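J.: give me a 3D structure for the following:
(one chain, ligands or ions: 1)
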Amino acid sequence: MVEPTAVDEIPKIREELQQSFLAGKMRPISYRREQIAKLAHMVSDHQEEFTQAMNADLGRSATEADFLDIQPTLREISEAYHSVEKWSKPDRVPFSLNWFVMSPSIRKDPKGMVLIISPFNFPMLLILGPLAGALAAGCTVVIKPSELSPAISGLIAKYIPQYLDRDVCRVVMGAVPETTKLLELPWDHILYTGSGKVAKVVLSSAAKHLTSVTTELGGKNPVVIDPKSDLKLAARRIMWGKFANCGQTCAAPDYLLVPQEIEEVFTKELLDVHSTFYPEGPRKSDSYPRMATKQHALRMKKLIEETNGKIIIGGETEVEDRFIAPTIVKNIHPNDILMEDEIFGPILPIVTVKNVDEAIQIINKREHALTVYVFSQDATFRNKVFDNTRSGAAIANEMVIYHATDGLPFGGVGASGSGGATTGKYNFDIFTHSRATLVGRGFVDTLVLSGRYPPHTPEKTKA
Ligand code: NAD
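T.: Numbers count the residues shown, from 1 in each chain. This is a model prediction of the structure:
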């Protein structure tokens, strides 16, 4: 267990990183690459410890820890390492006869000294992935891991100083008081991943310094089911997407919109998958994780007690052990408690709809989700949903793993996030300023651009 950083140390940490940024420590690409390589070594040298910590924090199996956090983190770091040179090259602008002599281009300048605040649910990927992007961009960085994943955050706090240059990256540990102190200070950019409620605090603090912010938030992700779709596939993918990480996944399906005509057969498919995934029941299964804290478990228990829906599977809770059974609830009215906020736990409400139009209407009454999911083999059906809704991502017949798809941005829109996306080059971009560059030439004054100088005579205007 690592102690929180002393609050009065925090301005000093920021000051040191600002000095090293200004001194040009991160300017050489070779140094950025060296730091990124060290980050990769940090993860691979201690992979076993990280796996165990993931089990301590979230009850994750080694497979789930590896698949959802450790491997994607290593891929992000590896992409940054291999691409830093290419990403950092200036962009050319389209050829123009008027301007080409001035060599217009776009420099890829580091924003400067940046702050990354992350949540508990993917405690490596969501902090070390963006860190790799910030290092590639040439920033100096403070990271603030979540206090709710103490084992992983503790390892990060222990190993970052052993692997990375302290003039380049520092870890601030702690919760609200420490983050509040961080937010009082000016930064050149903040990446905040977490809940919308805290995002409002982050954004209003940043506004005082006109600091740019990227927010990666959550929301209620709907799943629309085409009655003619492959229901077995849909059931298997939804059950995995929902109950992996005990439902504590920002891109997890939050609620299902199931047409009346298939409701019975589809719920049977869901129950079949449940017994395949957890043959001895989820309580005994090593593959089924836990809530992050007792408070989070208690919140789920209350939701289960207060819903007016019919629980068709699950409902068992054991708050002391942070255990909440995978729970499916049907007959959910759009005003039910399960439809109020992002569930962020293993409860899956089913809202029965007449048809796809009603499903779209229900989606559009809410704030924009991070992901709208559709299960359909019919492109017309899929496009109808995607064309008539808005969300960070529009995903068909898959769940969650689009985060790992090379080249796709991972980010929200409106209430689910703004200011850029994370993953791959998008991580680099949020910490990079695209700086317009032009090199003026004296001889253009003898050509067309001479007309700008006073006196503005009629001859010049005609010319
Ligand atoms: P959270 O907002 O409670 O905490 C996130 C970070 O903010 C933590 O580091 C925490 O210490 C800090 N924090 C908490 N309260 C604060 C306050 N009052 N002032 C300043 N800082 C504060 O989020 P969480 O519970 O850790 O994560 C869950 C949320 O994150 C969900 O809403 C989920 O959907 C979202 N999420 C989004 C993404 C994405 O990429 N879009 C990824 C993961 C999680």
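
J.: element containing residue 328, please.
T.: For residue 328, the host element (DSSP states H and E) is strand 327-330.

J.: if I look at the residue of the chain found nearest the ligand, how far off is residue 294?
T.: Across the chain, the shortest distance to the ligand (C-beta to the nearest ligand atom) belongs to residue 218, at 2.0 Å. Using the backbone N, CA and C atoms, a C-beta is placed for each residue, glycine as well. Note on residue 218: its distance to residue 294, by C-beta to C-beta, to the nearest Å, is 21 Å.

J.: neighbour count winner among these two?
T.: Set residue 218 next to residue 294 and count neighbours by other C-beta atoms under 10 Å: residue 218 wins out with 27 against 13.

J.: my guess is the more buried one contacts residue 250. True?
T.: Yes. Residue 218 lies in contact with residue 250 (C-beta atoms under 8 Å); the separation is 4.6 Å.

J.: identify the contacts common to these two.
T.: residue 370 (C-beta atoms under 8 Å, 6 or more residues apart in numbering).

J.: neighbouring strands - and their directions - for the host helix or strand of residue 191?
T.: Take DSSP H and E as the rule and residue 191 turns out to sit in strand 189-193. According to DSSP bridges, strand 189-193 forms sheet pairs with strand 113-117 (parallel), strand 213-216 (parallel).

J.: about what we covered before: which residues touch the residue of the chain closest to the ligand?
T.: Residue 218 touches 195, 196, 250, 342, 344, 370, 416, counting by C-beta under 8 Å, 6+ apart.

J.: how many neighbours does the residue nearest to residue 351 when sequence neighbours are not counted have?
T.: Leaving aside its sequence neighbours, residue 351 sits nearest to residue 332 (C-beta to C-beta, 6 or more residues apart in numbering; 4.9 Å). By other C-beta under 10 Å, the residues close to residue 332 number 21.

J.: just say which of the strands paired with strand 189-193 is most tucked in.
T.: strand 113-117 (a mean of 26; mean count of other C-beta atoms under 10 Å).

J.: which residues of this protein score low on pLDDT?
T.: Segments of the chain classed as low confidence (criterion: pLDDT under 70) are 1, 447, 462-463.

J.: how does it look with 50?
T.: Along the chain, no part satisfies pLDDT under 50.

J.: and it, what are its domains?
T.: The record's domain split for the chain, according to the TED database, is 7-218+426-437, 222-407.

J.: make JSON lines out of those and add distance to residue 444.
T.: Below are the domains of the chain laid out as JSON lines (distance: least, C-beta to C-beta, whole Å):
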{"stretch": "domain 7-218+426-437", "distance to residue 444": "7"}
{"stretch": "domain 222-407", "distance to residue 444": "40"}
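
J.: just give the nearest non-adjacent residue to residue 167, would you?
T.: residue 20 (3.7 Å).

J.: follow-up on the earlier one: which SS class is the residue of the chain closest to the ligand?
T.: Each residue gets one of three states, and residue 218 gets coil by DSSP: H, G, I helix; E, B strand; the rest coil.

J.: now the contacts of residue 218: which count as buried?
T.: The neighbour count (16 or more other C-beta atoms under 10 Å) marks 195, 196, 250, 342, 344, 370, 416 as buried among those.

J.: next up, the contacts around the first one.
T.: To tie it back to what came earlier, the one meant is residue 195. With contacts defined as C-beta under 8 Å, 6+ apart, residue 195 is in contact with 119, 217, 218, 342.

J.: in these, find the pair that's most separated.
T.: Using C-beta to C-beta, the pair of these lying farthest apart is 119 and 342, separated by 12.2 Å.

J.: residues contacting the residue nearest the centre of the chain?
T.: Residue closest to the mean C-alpha point of the chain, counted by C-alpha atoms, centre = their mean, is residue 216 at 4.9 Å. Residue 216 makes contact with 126, 191, 192, 193, 194, 250, 410, 411, 412, 417, 422 under the criterion C-beta under 8 Å, 6+ apart.

J.: can you check residue 374 too?
T.: Residue 374 touches 223, 224, 225, 226, 381, 382, 385, 386, 394, 395, 396, 397, counting by C-beta under 8 Å, 6+ apart.

J.: which bits of the stretch 1-150 of the chain sit near the ligand?
T.: 117, 118, 119, 120, 121, 122, 126, 144, 146, 147, 148 (C-beta under 6 Å from any ligand atom).

J.: what do you get for the stretch 301-450 of the chain?
T.: Near the ligand, when you scan the stretch 301-450 of the chain using C-beta under 6 Å from any ligand atom, you find 342, 344, 370, 412, 417.

J.: go ahead and confirm residue 364 touches residue 372.
T.: No. At 10.4 Å, residue 364 and residue 372 do not qualify as touching, with contact defined as C-beta under 8 Å.

J.: when these two are compared, which one has more neighbours?
T.: residue 372 (24 against 11).

J.: on that earlier part again, among the residues of the stretch 1-150 of the chain next to the ligand, name the buried ones.
T.: Looks like those have 117, 118, 119, 120, 121, 122, 126, 144, 146, 147, 148 buried, using 16+ other C-beta under 10 Å.

J.: would you format those residues as TSV with secondary structure included?
T.: Shown next, in TSV, are these (three-state DSSP):
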residue	secondary structure
117	strand
118	coil
119	coil
120	coil
121	coil
122	coil
126	helix
144	strand
146	coil
147	coil
148	coil
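
J.: pick the one among these closest to residue 457.
T.: residue 117 (58.5 Å).

J.: which strand residues sit across from that closest one in the sheet?
T.: Bridge pairing for residue 117 - DSSP bridges - gives residue 144, residue 192.

J.: which ones are touching it?
T.: With contact set as C-beta under 8 Å, 6+ apart, residue 117 has these partners: 144, 179, 182, 190, 191, 192, 193, 194, 202.

J.: now do 7 Å
T.: 144, 179, 192, 194 (C-beta atoms under 7 Å, 6 or more residues apart in numbering).

J.: give me phi/psi at the residue of the chain closest to the ligand?
T.: phi -110, psi -140 (degrees, to the nearest 10).

J.: on that earlier part again, surely the residue nearest to residue 351 touches residue 353?
T.: No. Counting by C-beta atoms under 7 Å, residue 332 does not reach residue 353; the two are 10.9 Å apart.
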